[in-house]
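Undergrad: give the three-dimensional model of this entry:
(2 chains)
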Amino acid sequence: DQQVKQNSPSLSVQEGRISILNCDYTNSMFDYFLWYKKYPAEGPTFLISISSIKDKNEDGRFTVFLNKSAKHLSLHIVPSQPGDSAVYFCAASDSGSNYKLTFGKGTLLTVNP
Amino acid sequence: DAGVTQSPTHLIKTRGQQVTLRCSPISGHKSVSWYQQVLGQGPQFIFQYYEKEERGRGNFPDRFSARQFPNYSSELNVNALLLGDSALYLCASSLAPTGTGTEAFFGQGTRLTVV
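TA: Below you'll find the predicted structure:
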């Protein structure tokens, strides 16, 4: 039972354009969401997070949008850069549970020069 | 400013053997979590420790155990290794238990291969 789903295994965009990575979840108890970026042979790197009391959080080129009614969140990267090429993981947690982060399977983003 | 450090970075073990993986959290962080990542999947939660107490356990068999020391470093032990235990094992540290609105920061992982 996959509670966090990233339905696009891969995404390819041109440098300078917008990258939009999507994530859906099924557990309505999730109240905190995070995005991580992972390069090969490295651990995941924290990018940005959002609490369920918000619908948008912005940090530089990265913006996360949360639609609680649709149980959907998205990560926007503007403008995309070749160095953004990596696997992006969406993760969620339930503060009333056992504190774990539940991850999606990831989306491989390729930004072409 | 040291991040999360894990050792060893790679190791190869034989089926049936036991392995111990180590993690040092970011200075000041009191929570350590362990995750297993197999190829093509997202990290799967194994354990979380906070202030040296187990605060969460994922759906893994009893062959997996962990502990946290007074200096907040942690060890993950896996007994009676199976081929299916081959994976990247990730340690994450955070100021407070994840799930409380605290970001978790990951180490580079330990790549375990069971042959």
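
Undergrad: A:D59 bridge partners, please.
TA: A:F62 (DSSP bridges).

Undergrad: from chain B, how far off is it?
TA: To chain B, A:D59 is 12 Å away according to Cβ to the nearest Cβ, to the nearest Å. Bear in mind the C-beta positions are built from the backbone N, C-alpha and C, glycine included.

Undergrad: that residue - how many residues pack around it?
TA: The tally of other residues near A:D59 (other Cβ atoms under 10 Å in any protein chain shown) stands at 10.

Undergrad: check B:R57 too.
TA: For B:R57, the neighbour count with other Cβ under 10 Å is 15.

Undergrad: need the CA coordinates for the helix or strand of chain B with the lowest mean pLDDT. PDB is fine.
TA: Least confident helix or strand, chain B: strand B:53-57 with a mean of 90, by mean pLDDT, DSSP states H and E. Extracted in PDB, the C-alpha atoms of strand B:53-57 (Å, rounded to 0.1, in the frame of the first residue of the first chain):
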ATOM      1  CA  GLU B  53      15.000   5.800  23.100                       C
ATOM      2  CA  GLU B  54      13.300   4.000  20.200                       C
ATOM      3  CA  ARG B  55      10.500   6.300  19.000                       C
ATOM      4  CA  GLY B  56       9.400   4.400  15.900                       C
ATOM      5  CA  ARG B  57       9.900   1.100  14.100                       C
END
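
Undergrad: burial count for B:N77?
TA: B:N77: 13 surrounding residues under other Cβ under 10 Å.

Undergrad: please tell me I have it right and it contacts B:F60.
TA: No - here B:N77 does not reach B:F60: they are 11.7 Å apart, not a contact under Cβ atoms under 8 Å.

Undergrad: any chance you could map the strands in chain B?
TA: Secondary structure of chain B (DSSP state E): strands located at B:5-7, B:10-13, B:19-24, B:31-37, B:44-50, B:53-57, B:64-68, B:74-78, B:87-94, B:105-106, B:110-114.

Undergrad: next: chain A.
TA: Under DSSP E, chain A gives strands at A:4-5, A:10-14, A:19-25, A:32-38, A:45-51, A:56-59, A:62-67, A:72-77, A:86-93, A:102-103, A:107-112.

Undergrad: which bits of chain A sit near chain B?
TA: Residues of chain A lying close to chain B by Cβ under 8 Å from any Cβ of the partner chain are A:4, A:32, A:34, A:36, A:41-46, A:49, A:51, A:89, A:91, A:93-95, A:97-106.

Undergrad: try 6 Å
TA: By the rule Cβ under 6 Å from any Cβ of the partner chain, the part of chain A lying against chain B is A:32, A:42-44, A:46, A:49, A:89, A:93, A:95, A:98-101, A:103-106.

Undergrad: make a PyMOL selection of the buried ones in those.
TA: Buried residues among those (16 or more other Cβ atoms under 10 Å in any protein chain shown), as a PyMOL selection:
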select buried, chain A and resi 32+43+44+46+49+89+93+95+98+99+100+101+103+104+105+106
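
Undergrad: where in the chain is pLDDT low?
TA: Going with chain A. The model of chain A has pLDDT under 70 over residues A:1, A:97-99.

Undergrad: please refer instead to chain B.
TA: Looking at chain B by pLDDT under 70, you get B:1, B:99-101.

Undergrad: and the residue nearest the centre of it, what does it touch?
TA: Against the mean C-alpha coordinate of chain B, by Cα atoms, centre = their mean, the closest residue is B:W34 at 2.9 Å. Going by Cβ atoms under 6 Å, 6 or more residues apart in numbering or on different chains, B:W34 touches B:I46, B:F47, B:A66, B:L76, B:C91.

Undergrad: thank you kindly, that will do.
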